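Just to be clear, the model below is a prediction. Sequence and coordinates:
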Amino acid sequence: MKKKILMVGTGGTIASKQTEHGLAPGLSSEDILSYIPQVENVCDVDTLQVCNIDSTNVTPMHWRLLAETIEKNYGLYDGFVICHGTDTLAYTAAALSYMIQNSSKPIVITGAQKPINMDVTDAKTNLLDSFIYAADEESQDVTIVFDGKVIVGTRAKKERAKSYNAFSSINFPYPAVIQDQRVIRYIPSIPYEEDVMFYYDMKESIYVLKLIPGMKADILTYIFENYDAIVIESFGVGGLPETIVETFYKEMSSWIERGKIVVMTTQVANEGSNMTVYEVGKKVKQDFNLLEAYDMTLEATITKLMWLMGLPKMKYKEFKNRFYTMVNHDILFTKK
């Protein structure tokens with residue numbers, strides 16, 4: 001018996017048409033599906049359009065809409081395929097990994113670098129591959145299917161703006177690939193013992209501060225005053241330059257007792273941070289008991305913070321423990 005899959009449309013390049021102002025979403029989910037008639041040999045598909053936007057305009061409100069849509073239809077379908085623009089696809093995949101946990105049913109997110117109505121496009125392959133993966137018996141949880149590769153929802157990063165191999169899996173292997181319309185698994189799925197959990201509240205009060213050589217410290221006061229969490233993208237394995245250390249200590253001493261969260265991460269995509277290696281990082285981490293992203297992607301770091309901050313208020317120790325608790329393979333290396 002064929003699996004029953006719900007295709008959820010959100011817009012993006014895959015659904016775009018050429019206009020006088022450039023590409024813009026204009027195709028419905030049914031329109032998109034009509035370009036891959038062979039899908040009827042894979043699974044039965046229903047379509048649902050929740051929005052039709054450029055993914056540049058995606059916000060946590062859209063993530064909530066997707067999570068609510070999946071929960072509403074969770075008992076009616078064997079899996080889900082979400083069509084999404086590529087620019088924020090990695091953020092949406094990470095966000096849904098925290099908003100929909102322990103899903104025994106696959107939630108596959110895909111898109112394309114070229115619209116599906118073009119003669120030369122990656123959209124048809126990506127979409128058909130997504131249905132093949134969603135209909136596979138072992139598939140579960142939130143994943144991305146793109147360019148023949150399966151990427152865990154918390155591990156994706158868009159590294160190429162134009163090429164078909166736009167996404168890479170960061171600090172985690174590809175669990176599977178799709179070749180010749182077959183799923184080839186490198187990592188077997190482990191069935192969940194717990195029931196699926198849905199979360200909706202994502203608190204957006206986060207500022208990402210990317211360090212540059214010679215950065216002045218005056219921005220720190222404004223950030224601490226106006227945001228509840230700060231993610232600092234440092235250099236290498238992590239540390240703070242002398243130009244901002246004095247002000248950082250002053251602000252941290254004032255604000256950390258009021259519940260402000262600071263997470264240190266790295267600008268380097270692969271291999272992650274470790275602030276204990278160099279003096280410029282080790283002392284700061286010891287003095288303030290900062291959180292550290294380690295091998296997490298920036299997209300996962302931000303959306304995990306949003307999810308945790310949206311939960312009922314908890315003490316810092318519990319917040320820290322939950323930040324370091326693995327969700328959908330988001331973090332492997334920690335030194336608590």
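That came through, no problem. No experiment lies behind these values; they were computed from the predicted model shown. Residues are numbered from 1 along each chain as shown.

any idea which element Asn328 lies in?
For Asn328, there is no enclosing helix or strand under DSSP states H and E.

Determine the number of other residues adjacent to the residue nearest to it when sequence neighbours are not counted.
With sequence-adjacent residues excluded and distances taken as C-beta to C-beta, 6 or more residues apart in numbering, Asn328 is closest to Ser97, at 4.1 Å. (Glycine included, C-beta is placed from N, CA and C.) Look at Ser97: counted by other C-beta atoms under 10 Å, it has 27 neighbours.

hey, which helix or strand in the protein has the poorest pLDDT?
Taking mean pLDDT, DSSP states H and E as the measure, the chain has helix 279-288 as its least confident helix or strand, at a mean of 81.

Give me the domain ranges for this structure.
4-198, 206-323 (automatic domain parsing).

Indicate which one of those is closest to Asp330.
domain 4-198 (3.7 Å; C-beta to C-beta).

what about that closest one, how long is it end to end?
With C-alpha to C-alpha, to the nearest Å as the measure, the ends of domain 4-198 fall 21 Å from one another.

I'd like the average pLDDT over that domain.
On average, the pLDDT along domain 4-198 is 96.

Distance from that domain to the middle of the chain?
Centre-to-centre, domain 4-198 and its host chain are 12 Å apart (C-alpha atoms, centre = their mean, to the nearest Å).

before we move on, what about stretch 328-336?
Computed by C-alpha atoms, centre = their mean, the separation of stretch 328-336 from the middle of its chain amounts to 15 Å.

okay, the domains of the chain in a markdown table with distance to Thr334 next?
Shown next, in a markdown table, are the domains of the chain (distance: least, C-beta to C-beta, whole Å):
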| stretch | distance to Thr334 |
| --- | --- |
| domain 4-198 | 13 |
| domain 206-323 | 6 |
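
Tell me the spacing between Tyr249 and Ser234.
Tyr249 is 16 Å from Ser234, where distance means C-beta to C-beta, to the nearest Å.

From the neighbour counts alone, determine which of those two ranks first.
The neighbour comparison of Tyr249 against Ser234 (other C-beta under 10 Å) goes to Ser234, with 23 against 14.

Give me the nearest residue to that one, chain neighbours excluded.
In this structure, Ser234 finds its nearest non-sequential neighbour in Leu211, 5.4 Å apart by C-beta to C-beta, 6+ apart.

so who does that neighbour touch?
Taking C-beta atoms under 8 Å, 6 or more residues apart in numbering, we find Leu211 in contact with 232-235, 240-241, 244, 267.

at 10 Å instead, please
Residues counted as contacts of Leu211 (C-beta atoms under 10 Å, 6 or more residues apart in numbering) are 232-235, 239-241, 243-244, 266-267.

Narrow those to just the buried residues.
Those of these that meet the buried threshold are 232-235, 239-241, 244, 266, by 16 or more other C-beta atoms under 10 Å.

Now the two most distant members of those residues.
Spanning the widest gap among the buried ones among the contacts of Leu211 are Ile244 and Thr266, at 16.4 Å by C-beta to C-beta.
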